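Engineer: Provided below are the primary sequence and the corresponding predicted coordinates.
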Amino acid sequence: MAITYNAENALFRIENARFSYVFFVNSKGVLQHLYFGKPIGETDLSSADLGWDWSKTYLSADGAEKIYEDNYYNDRSMAEVPSHGLMDKSGAQFVIEKSGGVTATSFVYKKHRIYDGKPKLSALPSTHGDNAQTLEITLDDVYGNERLLLSYTVYGDLGALIRNASIINCGKTEIRVKRAYSLGLDLPRSDFDLMHFHGDWCLERFAERKPLANGRFTVESTMGRSSHEKNPFAVLCDRHATEDTGEAYAFSFVYSGNFTLAANVDKWRRTRVLLGICDEDFSFALGSGETFEVPEGVLVYSDRGLGGVSRTMHDLVRNNLITHKKAKAARPVLFNSWEGCYLDFDTQSILAYAENAAKIGAELFVLDDGWFGKRDTDCSSLGDWFVADGKIDLKKVIDKCHSLGMKFGIWFEPEMINPDSDLYRTHPDYALGDGGYERTLSRHQLVLDTSRKEVADRLFKDMSAILDKYEIDYIKWDHNRNIGEITGSDTPYGEVCHRLILGTYSLLDRLQKKYPEIFFEGCASGGGRFDLGMLYYNPQIWTSDETDPVQRLFIQYGTSYAYPLSVMGSHISKNPITSYTAKGRIALFGTYGIEMNPCLLSESEREEVREVNEIYKKYHCEVIQNGDLYRLASPFEGNYTSMMSVSKDKSKALVLFANVLKENNRYRFIKLKGLDPDKRYSNSRRARRCVSLLWRAARAAATIRKAAAIPTAITTTTEAAA
Ligand code: GLA
């Protein structure tokens, strides 16, 4: 890994074993991008025709081609920081309104420094870790008094480049930042396929791949959160790229709010990628001397296809993003009460749940929604974070869990409020959207204005009171609606959405500092906020409210392009479509947990769950949680889903194979990947047993449903001989 600067040609090179990234300062002081791709090592670039100033040329009277020396046409260059208001119309990185209505913005180089390590962002989640090197460049705007601090960080030989930007108002008057993107990247070609991951509630991250065409394609959220509908992650890859071959570039955002990820193919057949906070509802005032910190952007390069991109993202998330100290340790078998009883429980029934959950091997019992205020329906009590004493004796439940050898976890939805709550009755102003008209309720709730310090402080106080009083080991942090109206806040309109997210991050930060032992799982009606910003605080996120195993095959497969299995909340549920064994196989390719009424399980079903638990305990931490994922067959392309995860030392692997439509007898051939050719592997005995269980499951499902769609799944474990 090395970041170098060659003063002779003002050339910056950021390189490691996975990629090289090169740009230079042109004669106008503007940063011009040159190369991002396969490592170019010692290649001497001094003689390269860099198209130094790609100025417009003309034919002089004597027939010679000459350059308009006085006219730097920046639209012809590959920009490192795409400007605004000049000739380049392919999309600016920043739009800033300055005094007198000036909006032209072009930053020129002032100075730089290269150092070991990576600074933390002050109010935003960011990557971190040892073995980092950072290039920081200071640039000044030609048309105003703003200063731009750009930074580039590389971690050892990881195929990821982290980009940061901060704008400082060095002038005397206020400026308004109307667009703040983390990065612009120009690639000198457009023959790419674009992959992005769209969805809906219970249908998250469906992979879509299509040829990039002329014009602009945008993946964007204006929902106030990263959303179910879109995800702040996309890939540009060679048209022929596969899981293992071809070049691929991935883009990701360490942020949980509105975002824009755009790919613009212009007349030069150049592709410009832009990634940052969505402009809609965004306009941020910056007083003299103030700084605006743009959320961090992640660039990934791989010449090993989509699988290479994913494994880099997975390592980045696990090693350089998640902060929780317990994230890498073996996680307990989690039991969650939600799908078993929803809000309908009392102390006796939950005690029975706890006893039966322990019998099927649960090690962490999570009491989901319904334990607070007067929460018997989802119409009331969000905001009232005090125990519903008449409904549940929380201490008794926690003591019971502990006496059964289980840890205890609880659900919160801090950022929301029901109009039917004590908090709303005393502080209606805490809810967003009061514009003197009827507000949109969603799931009967409104959004709390966490952009206001007093609101976040109140949440911190109320949640701390619960966490101080009860022995709580885990929190499920939910967020069950999009942001609608953003009026009625003391915070200026264009700042509300961003400050809401900052408020949430700060609340998470304060709580996690105060309670470092508590493990957090994120959730937003399932996977509505599945992004790097949330993962910084929550080492796992409930992937989807959809627990149907067939749907889950798609959701988990799609999610795996960007996010490691170790973060994908994934449970065996009561869903009757197939056996617990088959459901367990699929749930094992996520964080794994159990979610149903455990009192209703038959003895043979209990046995099935226990068997899945055994595989979990034996292999999960090493193979799934901290191993390397290889996708073998995509559910988006055929009847089979197959993937495998290999421990980092390549001594063990778990393989999932599932077919959606039932097929009669036939061979299915799957070529394993990621194993060490010098090792001999054998299937574990348990795996053979799994196959026979599979057939039993398939037969049972066939007699029950007589439908064509009968999912079956096997997991086989492969271990290298000692
Ligand atoms: C959301 C979550 C569920 C559950 C409910 C509780 O929908 O995704 O898992 O926690 O809220 O209301």
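Structural biologist: Structure's in. What do you need?
Engineer: Mind listing what's buried along the helix or strand in which V496 is found?
Structural biologist: In this assignment (DSSP states H and E), V496 forms part of helix 493-514. Neighbour-count burial for helix 493-514 flags 494-508, 510-512 (criterion: 16 or more other CB atoms under 10 Å). Where C-beta positions appear, they are placed from N, C-alpha and C, glycine not excepted.
Engineer: Also stretch 424-439?
Structural biologist: Y424, H427, Y430, A431, L432, G433, R439.
Engineer: Does the nearest residue to K671 once chain neighbours are set aside lie in a helix or a strand, and which?
Structural biologist: Among residues not flanking K671 along the chain, L632 sits closest, at 7.2 Å (CB to CB, 6 or more residues apart in numbering). Per DSSP H and E, L632 falls inside strand 628-633.
Engineer: Output that strand as PDB, nothing but the C-alphas.
Structural biologist: In PDB, the C-alpha atoms belonging to strand 628-633 read as follows (Å, rounded to 0.1, in the frame of the first residue of the first chain):
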ATOM      1  CA  ASP A 628     -15.600 -15.600   2.700                       C
ATOM      2  CA  LEU A 629     -18.800 -15.800   0.700                       C
ATOM      3  CA  TYR A 630     -19.000 -17.300  -2.800                       C
ATOM      4  CA  ARG A 631     -22.300 -17.100  -4.700                       C
ATOM      5  CA  LEU A 632     -22.800 -20.200  -6.800                       C
ATOM      6  CA  ALA A 633     -26.200 -20.000  -8.300                       C
END
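Engineer: Check which helices and strands that strand is in contact with.
Structural biologist: helix 305-320, strand 640-646, strand 652-661 (3 or more CB pairs under 8 Å, 6 or more residues apart in numbering; DSSP states H and E).
Engineer: tell me the angle the longest one makes with strand 628-633.
Structural biologist: Between the axis of helix 305-320 and that of strand 628-633 there is an angle of 150 degrees, by axes from the mean of the first three to the mean of the last three CA atoms, to 10 degrees.
Engineer: can you check the second one too?
Structural biologist: Angle, strand 640-646 to strand 628-633, by the same axes, to 10 degrees: 160 degrees.
Engineer: one step back: what's the offset of the strand holding L632 from the middle of its chain?
Structural biologist: 19 Å (CA atoms, centre = their mean, to the nearest Å).
Engineer: Helix, strand or coil: sort out E8 for me.
Structural biologist: Here E8 is recorded as coil under DSSP: H, G, I helix; E, B strand; the rest coil.
Engineer: contacting residues around it?
Structural biologist: Going by CB atoms under 8 Å, 6 or more residues apart in numbering, E8 touches S46.
Engineer: try L446
Structural biologist: M416, I417, N418, P419, Y424, A431, L432, G433, R439 are the contacts of L446 under CB under 8 Å, 6+ apart.
Engineer: Let me see the backbone angles for the closest residue to the fifth one other than its chain neighbours.
Structural biologist: This means Y424. Nearest residue to Y424 in three dimensions, chain neighbours excluded: I417, at 5.4 Å (CB to CB, 6+ apart). When read as degrees, to the nearest 10, the backbone of I417 gives phi -150, psi 140.
Engineer: quick one on the thing from earlier: what's the most distant pair in the buried residues of stretch 424-439?
Structural biologist: Within the buried residues of stretch 424-439, two members stand farthest from each other by CB to CB: H427 and R439, at 15.4 Å.
Engineer: Can you find the residue of the stretch 1-150 of the chain that comes nearest to the ligand?
Structural biologist: The stretch 1-150 of the chain approaches the ligand most closely through P125 (21.6 Å), counting by CB to the nearest ligand atom.
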